[in-house]
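Sequence plus predicted model, see below.
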Amino acid sequence: MKNLFTILATVISLTIGFAQDGPAFGFKAGLNYNGNGNYIESIQDNVENPDRNIGFHAGFFGKFGNALYFRPELVFTSTKSDYDSGKFNMQKLDAPLLIGVKLVGPLSVFGGPSLQYILSSKFNDNSSKNIDKDLTVGVNFGAAINFNKFAIDLRYERGLNKNEASFLGNNGIDVSDRIDTRANQLILSFSAVF
């Protein structure tokens with residue numbers, strides 16, 4: 001709880017410090033090219049790397065500042081990873097807290113931490129029995145091209161906290177197979193200011 005208050009205080013102070021041109025708010029949506037971590041099969045002690053897959057995201061953002069800006073976002077994200085043993089689907093809320101710098105013309109770069117809250121996860125048709133942590137931290141960095149009220153950005157996201165999910169098998173039988181739920185993805189977003 002103390003960390004949450006520290007994060008909120010930092011966000012408020014950055015918002016006040018960067019609010020040069022007045023705030024802007026908008027909507028964003030796009031595609032993710034992602035893969036979660038390894039699938040560890042307990043019976044044979046096999047480890048499988050995921051095949052990357054396409055997911056999607058949609059949400060809202062605020063932007064405070066101009067040449068140097070602060071951009072908090074709240075985004076619903078759906079990801080999929082394919083393994084030889086099945087498919088892993090996860091839905092989460094992401095809250096990136098990005099600091100950006102306008103470089104030349106419409107080009108800017110940005111980066112910062114991303115708070116991630118896992119809403120649900122399934123492996124094949126089996127719901128998650130246990131996830132180590134519902135709330136984790138990742139990092140985002142990328143570049144954007146801005147066209148007045150519209151923008152396109154491409155970023156890389158990586159989950160930092162080790163976080164595994166275990167699953168119940170068919171008919172509620174306990175299975176000790178697990179998946180590393182950390183995101184590792186490229187994110188292409190289209191955004192528009194209200």
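On my side now, so go ahead.

how about the strands in this protein?
With DSSP state E as the criterion, the chain has strands at 24-34, 39-41, 46-48, 53-65, 68-83, 86-102, 107-123, 126-131, 135-147, 150-159, 164-168, 174-180, 184-193.

And residue 70, how far from residue 23?
According to C-beta to C-beta, to the nearest Å, residue 70 stands 10 Å off from residue 23. (C-beta placed from N, C-alpha, C; glycine too.)

Tell me which of the two has more neighbours.
Applying other C-beta atoms under 10 Å to residue 70 and residue 23 shows that residue 70 carries more neighbours, namely 23 against 12.

about what we covered before: tell me, what's touching residue 70 and residue 23 both at once?
Jointly contacting residue 70 and residue 23 under the rule C-beta atoms under 8 Å, 6 or more residues apart in numbering are 63, 64.

With mean pLDDT added, can I get the strands of the chain in TSV?
As requested, the strands of the chain are exported to TSV (pLDDT from 0 to 100):
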stretch	mean pLDDT
strand 24-34	95
strand 39-41	64
strand 46-48	61
strand 53-65	95
strand 68-83	92
strand 86-102	91
strand 107-123	90
strand 126-131	59
strand 135-147	93
strand 150-159	94
strand 164-168	62
strand 174-180	64
strand 184-193	94
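
what's the distance between residue 26 and residue 118?
25 Å.

ok, now residue 146?
31 Å.

what does residue 193 give?
Distance, residue 193 to residue 118, using C-beta to C-beta: 29 Å.

Which of the two has more residues huddled nearby?
More crowded of residue 193 and residue 118, by other C-beta under 10 Å: residue 118, with 19 against 14.

Write down the beta-bridge partners of the closest residue to the more buried one other than its chain neighbours, one by one.
Distance criterion C-beta to C-beta, 6 or more residues apart in numbering; nearest residue to residue 118, sequence neighbours excluded, is residue 92 at 4.8 Å. Going by DSSP bridges, residue 92 is paired in beta bridges with residue 77, residue 118.
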